[in-house]
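Trainee: sequence and predicted model, in that order:
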Amino acid sequence: MGKAMKEFHVSFPRKDFPRLTHFGFESGGATSFPLPHYHYGYELFFFTAGGGDITLTKNAPPVTIRPYDLIIIAPEVEHCFIAPSEKLAYYWLGMQTGKRVITAQHESVIHYRYAHRNSPFKALRFTEEIDQHLSGIGGHIGVSRYAVIQAGVRCEFIFSDIREELTRERMYAREIIYHRVSELLARVTRLLSEGAAGPEDMPSRAKAYIEAHMHEPASLADIAQHCGVHPSYVSRKFKAVFGETITDYANRLRVDAAKRLLADGRSVSETARALGFGTVFYFSAMFKKYTGLVPSSFIRTR
């Protein structure tokens with residue numbers, strides 16, 4: 001996991017780092033930013049220790065993270081960051097790709113400022129070869145909102161190098177930092193294209209996500225986004241590994257939980273509501289599909 005380090009935060013980098021908009025490391029607790037906001041560049045969170053559910057948007061289930069997971073959030077996607085109370089250690093990094101780079105002091109937009117822009121923000125244009133390389137990688141990341149991937153220990157070394165260069169301010173720090181960021185984005189892009197954690201681990205990751213969100217059923221899009229792959233890919237790989245569709249597995253899991261609740265004396269309506277079935281009619285239909293009995297008949301057999 002790496003040795004313990006002190007917290008570190010660069011809020012508004014200097015002019016010699018125009019693309020790096022923010023960078024930091026947090027350990028020893030949970031730091032949350034509940035206000036909705038967005039950035040003009042990509043924002044990355046890399047977790048080195050701890051775990052739990054991270055809320056990124058209020059309209060979607062939390063994402064479950066573990067050590068060496070990386071969350072990447074696309075530019076101009078409104079999000080927040082609400083971490084669990086458990087101890088976490090993680091890096092965060094903001095980086096703009098593309099040829100137009102917003103000045104750092106304007107790159108983060110809080111929700112209450114959305115409707116109060118009387119003039120466009122000042123933008124800079126860079127033509128250095130290293131910037132063109134970053135722009136090229138940024139164009140292939142392919143994350144529409146956000147994704148979670150198992151990035152591995154190499155990414156911890158990259159983040160650590162960036163931190164060291166920002167702290168020590170040695171000769172050619174800018175070039176080294178940009179090369180590290182370039183490698184980081186290249187590795188993230190490769191992992192996303194290959195199915196994040198790889199074809200063998202990804203279905204298990206999807207399965208764990210379904211189990212963690214059993215009481216607030218996640219859509220296929222939610223599961224795919226958590227795994228960092230396309231919905232059709234996670235659906236196909238899940239069935240190949242486990243022999244049933246994601247929908248069948250999720251419904252069977254919820255019906256098994258419903259049987260336990262009904263056996264404990266919960267009513268049909270309470271059980272349907274507790275497991276997120278929406279309506280008693282839909283719950284009864286799913287229950288009969290997987291058990292052969294409607295809930296009321298199941299209760300009478302107990």
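Mentor: Good, I have the coordinates. Numbering: from 1, shown residues only.

Trainee: Phe144 - how many residues pack around it?
Mentor: Just so we're on the same page, residue 144 is Ser rather than Phe. Ser144 has 9 neighbours, counted by other C-beta atoms under 10 Å. C-beta: built from backbone N, CA, C; applies to glycine.

Trainee: how about Ala83?
Mentor: Using other C-beta under 10 Å, Ala83 is surrounded by 22 other residues.

Trainee: quick check: buried residues in the lengthiest helix in the chain?
Mentor: Once the chain is assigned using DSSP state H, the helix that runs over the most residues is helix 173-194. For helix 173-194, the neighbour count (16 or more other C-beta atoms under 10 Å) marks 173-174, 177-189, 191-192 as buried.

Trainee: for that helix, what is the distance to the chain centroid?
Mentor: 18 Å (C-alpha atoms, centre = their mean, to the nearest Å).

Trainee: stretch 254-270 now?
Mentor: On C-alpha atoms, centre = their mean, the centre of stretch 254-270 falls 32 Å from that of its chain.

Trainee: check stretch 68-85 too.
Mentor: How far stretch 68-85 lies from its chain's middle: 6 Å, per C-alpha atoms, centre = their mean.

Trainee: now that stretch: mean pLDDT?
Mentor: For stretch 68-85, mean pLDDT is 84.

Trainee: same thing with stretch 171-191?
Mentor: On average, stretch 171-191 scores 86.

Trainee: likewise stretch 233-248?
Mentor: 85.

Trainee: quick one: the strands in this protein?
Mentor: 8-10, 20-26, 33-39, 42-49, 52-54, 63-65, 69-73, 79-81, 89-95, 100-102, 108-110, 123-125, 146-150 (DSSP state E).

Trainee: from the contact counts, what lies against the fifth one?
Mentor: In terms of contacts (3 or more C-beta pairs under 8 Å, 6 or more residues apart in numbering; DSSP states H and E), strand 52-54 is packed against strand 63-65.

Trainee: and the strand it packs on, which strands flank it?
Mentor: Strand 63-65 pairs in its sheet with strand 52-54 (antiparallel), by DSSP bridges.

Trainee: what sits up against the partner strand?
Mentor: 45, 62-65, 71, 81-84, 86, 88, 212 (C-beta atoms under 8 Å, 6 or more residues apart in numbering).
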